[in-house]
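In: predicted structure and sequence below. I'll ask about it afterward.
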Amino acid sequence: MTGTDSGLLLEAVDVHKRFGTVTALSGVSFGIGPGEVLALLGDNGAGKSTLIKVLSGVHVPDDGTLVWEGAPITIGSPRAALDLGISVVYQDLALVDTLSIYRNVFLGREDAVRTRRAGVPLLDVRRARQEAIRCLAALGVNVASVDTKVRDLSGGERQAIAIARAVYFESKLLILDEPTSALSLKESRRVLEYVTSASKAGVAVILITHNVHSIHAIADKIVVLTRGTVVGSFARESGGIPDVGEISQLIDEELVPTTTPSGVSDARIGGRNEKTNHSGR
Amino acid sequence: MSILTDTAREDRGTASARHTGSGALKALVRAESFGAGAATVIAFVVFSVWAPHFLTAASLASSVQVAAELGIVAVAVTLLMIAGEYDLSVGSILGLAALIAAEALQAHWPEPLALLAAFAAAAVVGLLNGVLVAFTRAPSLIVTLAAMFVWQGVVYVVTQGFAVSVTVSGVSHGLFAGTVGGFAVSTIWWVALTSVLAVVLLRTGLGNHIFATGGNLTATRSLGVPVRRIKVGLFVLTALTAALVGIIQLVRFGSADPTLGQNVELTAIAAAVIGGTRLQGGSGTVLGTAFGCLTLGFIEVGLQLASVPTYFYQGLVGLILLAAVLVNLYLRGGKAER
């Protein structure tokens, strides 16, 4: 089986996903190791969000294998993904606006701060607050108070809290969906610093974005998706990462289907299926 | 009680972010249940001055009884609204439950069994609402509007428009329509239910899940929270509270009138909104709703004592509802309600 001795945390092998007649993913393969930052690039409709949903247990692939820590697995539900250690931070959707920071940190994991009073399981609010403060401090995130409601935070602060939460709960794989798209330059830089801290803490990070510039400097691996197919796969240590312009061209490639720029094809690792898919996306 | 300080602290969340170190007064004014608390005090003061005999133990007890019979349903409706859903069928469920208990008693079922049948029927109706809302994309406003018509229709078909009279034992009477220290026993049901649900909301994981479900469904689901189960559960809870009030009124009046429960669905939502519950879900307090119910209780009894025709009651409720929404918007600032 692929991946048993690869040292990879997660490997996707030839993953297919169809919705009726629409093929969203067609033979996608890539791998990511602990502490690595992998950027998944692609234009709208390239299959990025379907891939996130496959990795986070929302969709089960029709075909292909997911290998987790060397063993093939099926991720059947978001809960199952979470239990494996996969955290997804959706663009602008990761936190609950109307709840305070500390309540967001422990959302879905209230067990971690549960106490019993007269046999009744209750939330230990004081401990939840203290732990939330510790969780943010570990990543160097500063907020006025953990009682602040999330709707009063900036976009960067929200991303920071979502990342800190994933690191705090010892996620092994953190998937960030367009983490910097709505942020100012300064805030983007800070969020990417948090990403780097998370990866230094051993967390594997998948950054999903259509913006090459934002992630070019920090990505260890870059996978380019077009119409559900991997059209480029690069690793910093083996073969290197092409410059921004070259990758951008690859992303735009789908505008002129069936052409394959020969300059990049030899750098491909996982580009197995060059046939573009005209089934309606 | 520490829940109260918790409520205050949760309430202050928004305020503390923008006014760190501001005075206790400012924090109080910005608390989610402040508007409703103020409305309660204003209603009380106005009718104390205006309506003769308003400031007596008897009329206070009447106000509280009105508040309690509304509040038992409204507190469940509040949780449901916090989770992002509405239930327009509670009035019909109230009437249906009362009718089922009444028919069962007339058919000489044992009393506990007759009452249990009413609760069971309500639970099934609530389950149906919940499952339809959680598993189809139909909005709860429409699903429960349909349920409102259907179950009201069933009540009219069965009764042919006539009330069904019953007599109940002393035990049932004491449990549902008795008095304790001058107050209707429904007050105890109300206070107990409100207290338990306040603890659930603020001090349990489930409470966190209820807020989050209404605040951001997608994020909450992706964190592994069983949002469908939560919604279905809250619809069942709401239906059960409606059945409880149905039985309280059945026992109190000695008959199940087909108009029983009419408008309760809207008054309960009004009480929750006056109490500061967010229309889009995600925030609200049971304390605010309790204040909202008390305000409506004072107004209903106060207007009667001031000899104002009861028709004015609905108009006044409408105006207060509008004022409450505007005041809450103003107090929480534009940013909070984008």
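Out: Right, received. Where do you want to start?

In: any idea how far the residue most central in space within chain B lies from residue A:99?
Out: Per Cα atoms, centre = their mean, the C-alpha nearest to the average position across chain B is that of residue B:74, at 0.5 Å. Taking Cβ to Cβ, to the nearest Å as the measure, residue B:74 falls 23 Å from residue A:99. Any C-beta I mention is one placed from the backbone N, CA and C, and that applies to glycine too.

In: my guess is the residue nearest to the centre of chain B contacts residue B:292. True?
Out: Yes: distance between residue B:74 and residue B:292: 7.0 Å, which falls inside the contact criterion (Cβ atoms under 8 Å).

In: now for these two: what residues contact both?
Out: With contacts taken as Cβ atoms under 8 Å, 6 or more residues apart in numbering or on different chains, the residues that reach both residue B:74 and residue B:292 are B:271, B:272.

In: please enumerate the strands of the chain.
Out: In the absence of a named chain, chain A is used. Listed from the start of the chain, chain A has strands (DSSP state E) covering A:10-19, A:22-32, A:37-42, A:63-68, A:71-73, A:86-89, A:114-117, A:120-123, A:173-177, A:204-209, A:221-226, A:229-235.

In: that was the other one, I meant chain B.
Out: Taking DSSP E to define them, one finds strands in chain B at B:164-165, B:179-180, B:183-184, B:255-256.

In: might you list the low-confidence residue ranges for the stretch 51-200 of chain A?
Out: Using pLDDT under 70 as the threshold, the predicted model of the stretch 51-200 of chain A has low-confidence ranges A:92-93.

In: near chain B, which residues of it? Just list them.
Out: Applying the criterion Cβ under 8 Å from any Cβ of the partner chain, the portion of the stretch 51-200 of chain A that neighbours chain B consists of A:56, A:58, A:77-79, A:82-83, A:88, A:90, A:93-100, A:103, A:106-111, A:114, A:121-123, A:125, A:144-145, A:147-149, A:151-152.

In: sorry, back to before: from the strands of chain B, which stretch is densest packed?
Out: Ranked by average neighbour count under the criterion mean count of other Cβ atoms under 10 Å in any protein chain shown, those are headed by strand B:255-256 at a mean of 24.

In: just checking, what packs against that strand?
Out: Contacts defined by 3 or more Cβ pairs under 8 Å, 6 or more residues apart in numbering or on different chains; DSSP states H and E place strand B:255-256 against helix B:90-106, strand B:164-165.

In: these: lowest mean pLDDT?
Out: Lowest mean pLDDT within the helices and strands packed on strand B:255-256: strand B:164-165, a mean of 94.

In: quick one, what contacts residue B:46?
Out: Contact criterion Cβ under 8 Å, 6+ apart gives residue B:302 as the residues in contact with residue B:46.

In: and it, how far is that from chain A?
Out: With the distance defined as Cβ to the nearest Cβ, to the nearest Å, residue B:46 ends up 33 Å from chain A.

In: can you check the pLDDT for that residue?
Out: Residue B:46 is assigned 94 on the pLDDT scale.

In: out of the strands of chain A, which comes closest to residue B:26?
Out: Relative to residue B:26, the nearest member of the strands of chain A by Cβ to Cβ is strand A:120-123, separated by 27.3 Å.

In: which elements pack onto that closest one?
Out: For strand A:120-123, the helices and strands in contact under the criterion 3+ Cβ pairs under 8 Å, 6+ apart are strand A:114-117, helix B:185-203, helix B:205-215.

In: average pLDDT for the second one?
Out: If I follow you right, that is helix B:185-203. Averaging pLDDT residue by residue across helix B:185-203 gives 96.

In: can you list the buried residues in it?
Out: Neighbour-count burial for helix B:185-203, counted by 16 or more other Cβ atoms under 10 Å in any protein chain shown, picks out B:185-187, B:189-191, B:193-195, B:197-203.

In: restrict those to those near chain A?
Out: B:199, B:202, B:203.

In: picking up where we left off before, any chance of CSV for the helices and strands packed on strand B:255-256, columns distance to chain A?
Out: Converted to CSV, the helices and strands packed on strand B:255-256 look like this (distance: least, Cβ to the nearest Cβ, whole Å):
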stretch, distance to chain A
helix B:90-106, 24
strand B:164-165, 40
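
In: so what's residue A:207 up against?
Out: Contacts were defined as Cβ under 8 Å, 6+ apart; by that measure residue A:207 touches A:37, A:38, A:39, A:40, A:176, A:179, A:195, A:215, A:219.

In: now swap in residue A:195 and tell me
Out: Residue A:195 makes contact with A:37, A:163, A:176, A:179, A:205, A:207, A:218 under the criterion Cβ under 8 Å, 6+ apart.

In: ok, the fourth one touching residue A:91?
Out: Yes: the pair residue A:179 and residue A:91 qualifies as a contact (Cβ under 8 Å) at a distance of 7.4 Å.

In: of the two, which one has the most company?
Out: residue A:179 (29 against 17; other Cβ atoms under 10 Å in any protein chain shown).

In: state the distance from the more buried one to residue A:163.
Out: The spacing between residue A:179 and residue A:163, counted by Cβ to Cβ, is 8 Å.

In: cool, and residue B:281?
Out: The spacing between residue B:281 and residue A:163, counted by Cβ to Cβ, is 26 Å.

In: comparing these two, which residue is more hemmed in?
Out: Under the criterion of other Cβ under 10 Å, the comparison of residue B:281 against residue A:163 puts residue A:163 first, with 26 against 23.

In: distance check, that one against chain B.
Out: Here residue A:163 is placed at a distance of 14 Å from chain B (Cβ to the nearest Cβ).

In: I'd guessed that residue sits against residue A:140; true?
Out: No: counting by Cβ under 8 Å, residue A:163 sits too far from residue A:140 to count as a contact (10.9 Å).

In: before I go, just wanted to say thanks for your time.
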